Structures are given as C-alpha cells and as structure tokens.
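J.: Quick one, structure for this:
(one chain, ligands or ions: 1)
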Amino acid sequence: MLFVISLKAEEQFFKLNFLWGVTMTETTGQVLTAVEKIEKVREILKENEYKPSRLIPILQAVQEVYRYLPKEVMNFVAEELKIPAGKIYGVATFYAHFSLDPKGKHLIRICDGTACHVRGSEPILTAVRNKLGLTKTKSTTDDMLFTLETVSCLGACGLAPVMVVDEDVHGQMTPDKAVALIDEILKTEKA
Ligand code: FES
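T.: Numbering: from 1, shown residues only. The predicted structure is shown next:
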C-alpha cells in the first residue's frame, strides 16, 4: 500500500516537472530539464541523508531548483523523508523565505521601507506594475518572466529608493530608470 502511495506521489512529481521543468531556471540562470530537476531533488535528499531533521535546508535547496515549493514536490519530499506532508506544508508556510507560488524567471523587489517610501518608492512600484501589467493581487506576469515583490527594508537605506533585480541592487531608483531596466532585460530575453 505504501508503495502505491509513493508511486502516486512520484507520478505527480513527474507530471509537474513536465509542466514547468523546461521553462524554469535556477538562480544561476542555468536551464534545467525536467529529468535534471528530479535528479537534483534526489541529490539534495541524498546529501542530507534523508534526515527529517534537515528539512529546512532540504526545502531551501529544493526551492533553489524550482524557485518555489510546488505542492507535488513537497509531497514527494514527504514520502522520501517518511514524514507527513502536513509537516512540510507547516514549515513551508511558517517561514516567509519559502514560497508556495510559482515565481517568474526574474525577481524584482522594490523596497517600501520608511527611507525608500519617503524618497519615492510608490511611483516606482506603480511604473513597474504598469509596465508589466501587474496589480496588487497579480505579482507574476503571464509569461512567467517577472515576479514583482515589495519588501520592508533591504538594509541599503543610504541608496534609497532601492530596487533589486535578481541579485543586482539598484539605488537612487526612479520610475524611468526602473522601466529602462525592465526594457534591457526584455531585450536580452528576445536576443
Ligand atoms: S528602507 Fe529601503 S533599503 Fe532600507
């Protein structure tokens, strides 16, 4: 019986990988195929010796692969660690670091902490939303190219207003500069 349940989880896992696998990328920018992603998750579990006590680092590493924690993958990890899926879901929802929603290839974070807010983060946010067709309730573009998030403080208040695109911090941002940065990314993506 246990084997049947395990197989079902794995089937879902494969299905998910074929849905998202070839279009998503790691933070390194490296494109992973569906099979490579499955192998990565298996490697992560192996490196952590299938220890439930290593759940947080395991989930962090899995999120690196998928850029979020898909439900089917959490089920798969639960099966492999032999712990209830609810426990994994509990950890994943408790820590703000984990995301249960798919994220776009490029992550844009606009700081709306006090210093950035005072120096004009709001018009930047509006400009980026307008540029990407996003709203307060829609934070990822339909083509999965961009996800927009606001953060409370990035610890770079001297550079306010601050916007981070993937790993790059951009200070003294303006709505025009923000839109120009997005245009640059779009140009590179189309090249
Ligand atoms: S308030 Fe924006 S970096 Fe601190």
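J.: rest of the way, CA atoms for contacts and neighbours
T.: Will do.
J.: buried stuff in the strand or helix carrying L148?
T.: Assigned by DSSP states H and E, L148 belongs to strand 146-151. For strand 146-151, burial by neighbour count (16 or more other C-alpha atoms under 10 Å) applies to 146-149.
J.: what packs against that strand?
T.: strand 106-111 (3 or more C-alpha pairs under 8 Å, 6 or more residues apart in numbering; DSSP states H and E).
J.: does any part of the strand it packs on sit near the ligand?
T.: Yes: residues of strand 106-111 are located near the ligand by C-alpha under 6 Å from any ligand atom, namely C111.
J.: can you list the residues that contact that strand?
T.: 117, 121, 124-125, 145-154, 161-166 (C-alpha atoms under 8 Å, 6 or more residues apart in numbering).
J.: Need the residues that contact the helix or strand K177 falls within.
T.: Using DSSP H and E, the element containing K177 is helix 175-190. Helix 175-190 has contacts (C-alpha under 8 Å, 6+ apart) with 123-125, 127-128, 131, 163.
J.: Whichever strand or helix holds G90: which residues count as buried?
T.: Assessed by DSSP H and E, G90 sits inside helix 85-94. Residues of helix 85-94 classed as buried: 85, 88-89, 92 (neighbour count, 16+ other C-alpha under 10 Å).
J.: and what of stretch 123-139?
T.: Under 16+ other C-alpha under 10 Å, the buried positions of stretch 123-139 are 124-125, 127-129, 132, 134, 139.
J.: Low-confidence ranges, this protein, go.
T.: Segments of the chain classed as low confidence (criterion: pLDDT under 70) are 1-31.
J.: okay, now the domains of it?
T.: 2-94, 106-190 (automatic domain parsing).
J.: could the buried residues of stretch 123-139 be laid out in CSV, adding secondary structure and distance to R42?
T.: As requested, these are exported to CSV (DSSP: H, G, I helix; E, B strand; the rest coil; distance: C-alpha to C-alpha, whole Å):
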residue, secondary structure, distance to R42
I124, helix, 41
L125, helix, 39
A127, helix, 42
V128, helix, 38
R129, helix, 38
L132, helix, 36
L134, coil, 35
S139, coil, 30
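J.: for the residue positioned nearest the centre of the chain, phi and psi?
T.: In the chain, the residue lying closest to the centroid (C-alpha atoms, centre = their mean) is R67, at 3.5 Å. Here is the backbone geometry of R67 (degrees, to the nearest 10): phi 70, psi 0.
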